[in-house]
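[1] kindly generate the corresponding structure for this input.
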Amino acid sequence: MRPLIAGATEAVRAALTSYIPIALIVLMAWATAGSTSGVVTDALRGGIWIWLGIHHITFTLALPPSGLPGSLSFIPLGALLFPIMVFRGSLRRLRDELKGVQLRQSIFSLGITYVLILIVLSLASGNFSISPRWYVAPISVVALLAISSLTQLQQISKDNNYLNQVIRIISIVLGALLGISLLFFTISLAIHLSVLNNLITVLQPGFFGGILLLILVIATIPNMAVSAMAYLLGPGFAVGSGTLINPAVHRIGEIPAFPLLAAIPTNTNKFIFIGVLLGVGAGFMIALLMQKTERADDLSAMPVVIVASAAFLALVNYFSNGTLLGERLSVVGPSLWIFPLVYLLEAGIGAGIFVGIKKLRSDANESN
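    Purely as a prediction, here's the structure:
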């Protein structure tokens, strides 16, 4: 019973640690808004919705005034850092206290209890207009716990040096791709600075609203980096139903009034297809770094690592895109399957080039 109780206790602690700051911010915003019709329960419910949102619990909406069906699943990727940090602390405390089978039992208890908390609050906070999708909770908790565990790699797998090496390789390669993509996004945003100013002028957020908008913008930057990466590798991304933006296609109507969308290119530029070399280079780099692992001569290990990196990219892509309110913005972000598949193909080509070069060098050395 001890590991089960320890895991459940950590789940409650983690939930309160992440919810209380959000509730306080929402209550302060509600108090300073000066509304005469709202009540405290509305503010608390709003805090619960934001708390569910940072766990990537999506929402089914009935859009006013006619109650048309809508959805909200496009959530700032940066918001996930909050529950990940909380889970990291919980896992660290459990690993310090328990070992072996008891540790696995406590982590299982932590996950189950946290899922139940998310489900209960999802069901309790729903109303006619907004209904949290409680069934997303298990997927979200499993993914967040997995990511939190991977960020504590040295504590998880001291006895598995190869696993350390593989995860480090995937982190280096995908981190480099996202870093380059973020740089490309920043340059594009600077080029379209006038569009950015126009979007901010349209919003007119005011002082307090401007602070909240700034927080939202910062939390959404990782989503933009993922979309920029999809643009560079070729498949591109969408900003609404029927839209597509990539180096060869520019099919989009009006840009929604969100500052970061000012970075969207205004026309096609097929020269940017040179970004495909980034995907090829990622595969080449994975193959190169694999030569420094204990399975450097295992030809079956390299494809597994490339597929694993594509799977991790698919997970990040899943969290980074979605639907924003109504039908017009039913698709926001890269395709859930085309983007990881294109990366997988390009990385496979890069790894194949590395293997070919290695074989040619080996044959040349033998002939000498």
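[2] dump the residue contacts of Ser90.
    Listed by CB atoms under 8 Å, 6 or more residues apart in numbering, the contact set of Ser90 reads Glu10, Ala11, Arg13, Ala14, Leu110. Quick note: C-beta positions are derived from backbone N, CA and C, even for glycine.
[3] ok, 7 Å please
    Contact partners of Ser90, counting by CB atoms under 7 Å, 6 or more residues apart in numbering, are Glu10, Arg13, Ala14, Leu110.
[4] in ChimeraX, select just the buried ones from the residues you listed.
    Per 16 or more other CB atoms under 10 Å, the buried members of these correspond to this ChimeraX selection:
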select :10,14,110
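[5] which two among the contacts of Ser90 are spaced furthest apart?
    Arg13 and Leu110 (9.8 Å; CB to CB).
[6] you'd agree Leu52 is up against Pro132?
    Yes. Contact criterion CB atoms under 7 Å: Leu52 and Pro132 qualify, at 5.1 Å.
[7] what's the overlap in contacts for the two?
    Ser122.
[8] show me where the chain has its strands.
    Counting by DSSP state E, the chain has these strands, from start to end: 59-63, 68-72, 130-132, 238-239, 244-246, 249-251, 324-325, 332-333.
[9] looking at the ones you listed, which one is packed in the most?
    Stretch with highest mean neighbour count among these: strand 332-333 (a mean of 24; mean count of other CB atoms under 10 Å).
[10] which residues are contacting it?
    Here strand 332-333 has contacts from Phe74, Asn223, Ser227, Phe237, Ala238, Val239, Ser320, Asn321, Gly322, Thr323, Leu324, using CB under 7 Å, 6+ apart.
[11] can you give me the neighbour number for the third one?
    Per other CB atoms under 10 Å, the neighbour tally for Ser227 reads 28.
[12] list the contacts of it.
    Phe237, Gly333, Pro334.
[13] from Ile338, how far out is the first one?
    Applying CB to CB, to the nearest Å, one obtains 10 Å for the distance of Phe237 from Ile338.
[14] the two: who's more crowded?
    Set Phe237 next to Ile338 and count neighbours by other CB under 10 Å: Phe237 wins out with 26 against 14.
[15] show me what the more buried one is bridged to.
    Ile245 (DSSP bridges).
[16] looks like it contacts Ala230 (just checking).
    Yes. Assessed by CB under 7 Å, Phe237 is found in contact with Ala230 at 5.0 Å.
[17] need the overlap of contacts for those two.
    Taking CB under 7 Å, 6+ apart as the contact rule, Phe237 and Ala230 both touch Pro334.
[18] tell me how the protein divides into domains.
    Domain segmentation of the chain under automatic domain parsing yields 1-156, 160-368.
[19] need these in JSON lines (columns: mean pLDDT).
    Output for the domains of the chain, formatted as JSON lines (pLDDT from 0 to 100):
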{"stretch": "domain 1-156", "mean pLDDT": "86"}
{"stretch": "domain 160-368", "mean pLDDT": "88"}
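[20] enumerate every residue touching Ile107.
    By CB under 7 Å, 6+ apart, the contact set of Ile107 is Gly7, Leu91, Leu94.
[21] what about these, which are in helices?
    Gly7, Leu91, Leu94 (DSSP state H).
[22] ok, the last one - contacts?
    With contact set as CB under 7 Å, 6+ apart, Leu94 has these partners: Ala6, Gly7, Glu10, Leu103, Ser106, Ile107, Leu110.
[23] which parts of the stretch 151-300 of the chain are helices?
    For the stretch 151-300 of the chain, helices defined by DSSP state H, counting those that start in this stretch occupy the ranges 153-156, 161-191, 193-203, 206-233, 276-290.
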